[in-house]
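S.K.: Have a look at this fold, sequence not included:
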């Protein structure tokens, strides 16, 4: 099931990949709870709500997806984390050399066709959008064993980790944690629709030009390992969002006026707009090395 927010904070379910069915009235005390708590309620009590949603889907055809304004599927999670360097995208990277580390993103997530605001913070060399698979936590998680970790996932969402390259200060607040640096959507795809999140294709475009095109099979620390490690230190809550990292091939700059697009296999495609104080470099930029070469047999295309 694909669950989304739209228009004046309505809750919808995608039907036949083209229509939105409004299921808002099936949610108990929706107006009193507020946007984030409504989504947490759906996630926490999904077994109950799924039955209600399915009855409505059977009775209604909905309205065209193109006729609604989509909102961030999770408006403000209690925590939004992102993996730091978590793909085997260079010959010198291995499980032994890549740390299982995370940083905080601003929790005010940007929805489809929302705006990423670039700030003029010298000495930023370039701003880059990193297309990533993110997962949404389904229930309170603390000290979760790796073998049970997938039971704590509610669903998945395409996610851009906007990054400011070139800052000498490595605090993640400046290069990755600023407001609007977490655009995501178009919706949450429940985990039953994604048999193996470690074997889906992630793609991105800037102004219609292909940038990234990779498979999540090159993820170093897989999702169960991530959840087991994170919950040793942090208690995750329903609705929390964790982005799994990116394969760095194809990264390039974004500038004022650009249009970003992301698509993940079976999870939908959406776009975002870029607003900034001025142009950035027009050449690809990666810290330390040139763009990586895909591993043999990777099924990657140079983009």
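M.R.: That came through fine. From a predicted model like this one, the values you see are computed outputs, not experimental measurements.
S.K.: ok, residue 225 touching residue 146?
M.R.: Yes - using C-beta atoms under 8 Å, residue 225 makes contact with residue 146 at a distance of 5.9 Å. All C-beta atoms are positioned from the backbone trio N, CA, C, and that covers glycine.
S.K.: And the nearest residue to residue 200 once chain neighbours are set aside, what's its pLDDT?
M.R.: Nearest residue to residue 200, sequence neighbours excluded (C-beta to C-beta, 6 or more residues apart in numbering): residue 265, at 4.3 Å. We have a pLDDT of 97 for residue 265.
S.K.: if I look at residue 265, how far off is residue 210?
M.R.: To residue 210, residue 265 is 15 Å away according to C-beta to C-beta, to the nearest Å.
S.K.: now do residue 44
M.R.: Separation of residue 44 from residue 210 (C-beta to C-beta): 38 Å.
S.K.: Compare these two (neighbour count), which wins?
M.R.: Legend: neighbour count by other C-beta atoms under 10 Å for residue 44 and residue 210, higher for residue 44 (17 against 14).
S.K.: what's the spacing between the more buried one and residue 183?
M.R.: Computed as C-beta to C-beta, the residue 44 to residue 183 distance reads 25 Å.
S.K.: what does residue 104 give?
M.R.: 16 Å.
S.K.: contacting residues around the one helix or strand in the chain whose mean pLDDT sits lowest?
M.R.: Taking mean pLDDT, DSSP states H and E as the measure, the helix or strand of the chain with the lowest value is helix 30-33, at a mean of 76. With contacts defined as C-beta atoms under 8 Å, 6 or more residues apart in numbering, helix 30-33 is touched by 11, 24, 38, 41.
S.K.: same thing but at 7 Å, please
M.R.: Contact partners of helix 30-33, identified using C-beta atoms under 7 Å, 6 or more residues apart in numbering, comprise 24, 38, 41.
S.K.: Identify each buried residue in it, please.
M.R.: By 16 or more other C-beta atoms under 10 Å, the buried positions in helix 30-33 come out as residue 30.
S.K.: which residues in the stretch 101-250 of the chain form helices?
M.R.: Using DSSP state H, counting those that start in this stretch, the helices of the stretch 101-250 of the chain run over 223-230.
S.K.: which regions of it lie under the pLDDT threshold?
M.R.: 122-123, 125, 167-175 (pLDDT under 70).
S.K.: As TSV, the contacts of helix 30-33 with distance to residue 154 and pLDDT would be great.
M.R.: Formatted as TSV, the contacts of helix 30-33 follow (distance: C-beta to C-beta, whole Å; pLDDT from 0 to 100):
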residue	distance to residue 154	pLDDT
24	19	96
38	14	95
41	12	95
